[in-house]
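>>> pasted the sequence and its predicted model underneath.
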Amino acid sequence: MIKRISELDFLKCIFILLMIAFHLVYIGDSYPYIKNIVYTFHIPAFLIISGYLMNIEKPLSGFLKTIFWLTVPYLIMESGYIVSASFLPIREHIDNLTLGVFINKLFLKPIGPYWYLHTMIICYIVSYLFFIGFKSHRFLLSRIIVSSLVLCGLSVYWGIISLSSVFYFLLGFIIRQSSVDFLSFFKSSWMSIVGFLVLIIDPDNLDRFTIGGILITYLAISALLAIYKVLPRFISSFLNYIGNHSLLLFLFSPLFTILVKPLVGVLSFDSSGLIFLIVALIINIGGCFSVGMVIDYLGITPFIFGKSRIVESFK
């Protein structure tokens, strides 16, 4: 088991807040270039962290338990999103929802933010099974190559997951399997901010599956790690707490993203949209934690997440 790394919780906090911020249509439309910058690195960074945290040393029973408790919330939330897309005026609106369309979206080509869990489940299963299956091979590289080829096949030939997602997940996975510490690979550096700013000037770099996009992702992580070191303890502890509950925010923030839309008109006096952004983030965070506490109070958590509580006490 890998010791909990507080810096990873901080990174997850920043990336989940960026995800929520730019899922707000008004903010995304108001700041399209910044949205492109954020989309270049925040999901790739999440994928790297997910790959790094995958534990292939688990016994099969433990691994199956992990997959099961990823699948349950995915099925619940993606099913709800698909049904909602059939009558809500969203960008991924489904005009004619049939059983075939529903099954296709749920198991093969998910819509909305929950594609990320779908991708994680597939990457976890393939990586685990092929590492176990090729355990007799002496070389780590051979097992990584086989896992990579299968995942790339699922991407290129069946389109079930994106090739860029496979790349970033495997990058984190390889870092972990090579026994390189995350904080040694992504070195905190204030110079990373300079490199980041230079790269984002060129729109051609704002593609996660280019050399520029890869460098931007690396530099974004390194720059954030440098910032983390100088944060006051009470701020870093609060942000770590949010990051530790990133799954909670990931699952339920779409509900509050829809609910805060009317606030655009109410707060229209601020042409920058920053007041709306701050209020929307507060409502999203507070709302997600409230949902989590209600689930805990009702005793539903064990049936959705496989543990007694989803909201942990703040320490």
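Great, that's in hand. Residues are numbered from 1 along each chain as shown.
>>> give me the neighbour count for residue 194.
By the measure other Cβ atoms under 10 Å, the count of residues near residue 194 is 12. From N, CA and C alone the C-beta is placed, and that goes for glycine too.
>>> repeat that for residue 25.
Residue 25: 14 surrounding residues under other Cβ under 10 Å.
>>> first to last residue in stretch 182-196, what's the distance?
Terminal residues of stretch 182-196 are spaced 19 Å apart (Cα to Cα, to the nearest Å).
>>> give me the contact list for it.
Identification of contacts with stretch 182-196 by Cβ atoms under 8 Å, 6 or more residues apart in numbering yields 5, 7-8, 52, 175-176, 215-216, 218-223, 225-226, 228-229.
>>> and the buried ones among the residues you listed, selectable in ChimeraX?
The buried subset of these, as determined by 16 or more other Cβ atoms under 10 Å, is captured in ChimeraX by this line:
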select :7,8,52,175,176,215,216,218,219,220,221,222,223,225,226,228
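>>> the contacts of stretch 182-196 in helices, which ones?
Secondary structure from DSSP state H places 7-8, 52, 175-176, 215-216, 218-223, 225-226, 228-229 of the contacts of stretch 182-196 in helices.
>>> was I right about residue 116 contacting residue 250?
Yes. Using Cβ atoms under 8 Å as the test, residue 116 is close enough to residue 250 to be in contact (7.2 Å).
>>> who's more crowded, the two?
Taking other Cβ under 10 Å, residue 116 and residue 250 do not tie; residue 250 has more neighbours (22 against 18).
>>> can you tell me the closest non-neighbouring residue to the more buried one?
residue 16 (6.2 Å; Cβ to Cβ, 6 or more residues apart in numbering).
>>> again with residue 200
residue 37 (5.0 Å).
>>> mind telling me what element that neighbour is part of?
If you go by DSSP states H and E, residue 37 is part of helix 32-53.
>>> tell me what the helix or strand following that helix is packed against?
Counting by DSSP H and E, the next helix or strand C-terminal to helix 32-53 is helix 60-85. For helix 60-85, the contact count by 3 or more Cβ pairs under 8 Å, 6 or more residues apart in numbering; DSSP states H and E identifies helix 99-107, helix 115-133, helix 246-259, helix 301-304 as packing neighbours.
>>> how about the third one: buried residues?
Using 16+ other Cβ under 10 Å as the test for burial, helix 246-259 gives 246-257.
>>> how about the second one?
When neighbours are counted by 16+ other Cβ under 10 Å, the buried residues of helix 115-133 are found to be 115-124, 126-128, 130-131.
>>> tell me what angle the helix or strand that that helix is followed by forms with helix 115-133.
Sequence-wise, the next helix or strand downstream of helix 115-133 (DSSP H and E) is helix 140-156. With axes from the mean of the first three to the mean of the last three Cα atoms, to 10 degrees defining the directions, helix 140-156 sits at 140 degrees from helix 115-133.
>>> which residues touch helix 140-156?
Residues outside helix 140-156 that contact it (Cβ under 8 Å, 6+ apart) are 122-123, 126-127, 130-131, 134-135, 137, 160-163, 165-166, 169-170, 173-174, 177-178.
>>> show me where pLDDT drops low in the stretch 101-250 of the chain?
133-143, 156 (pLDDT under 70).
>>> for the residue nearest to residue 250, what are its contacts?
242-243, 246, 249-250, 253.
>>> ok and the host helix or strand of it relative to helix 115-133, angle-wise?
According to DSSP H and E, residue 16 maps onto helix 6-23. Going by the same axes, to 10 degrees, helix 6-23 is angled at 140 degrees with respect to helix 115-133.
>>> how about the most centrally placed residue in the chain: what's its closest non-neighbour residue?
Computing the C-alpha centroid of the chain and ranking residues by Cα atoms, centre = their mean puts residue 46 first, at 4.6 Å. Closest residue to residue 46 apart from its sequence neighbours, by Cβ to Cβ, 6+ apart: residue 15 at 5.4 Å.
>>> pLDDT wise, what is that neighbour at?
Predicted confidence (pLDDT) at residue 15: the value is 97.
>>> make 448 the first number, not 1, from now on.
Understood, numbering begins at 448; the last thing we discussed is residue 462.
>>> number of nearby residues for residue 513?
Neighbours of residue 513 (other Cβ under 10 Å): 17.
>>> rewinding a little: tell me the pLDDT at the residue nearest to residue 647?
If you check residue 484, the pLDDT there is 96.
>>> ok so, going back, tell me which of the helices and strands packed on helix 507-532 sits nearest to residue 730.
Judged by Cβ to Cβ, the one of the helices and strands packed on helix 507-532 that comes nearest to residue 730 is helix 693-706, at 5.6 Å.
>>> fine by me, we can end here.
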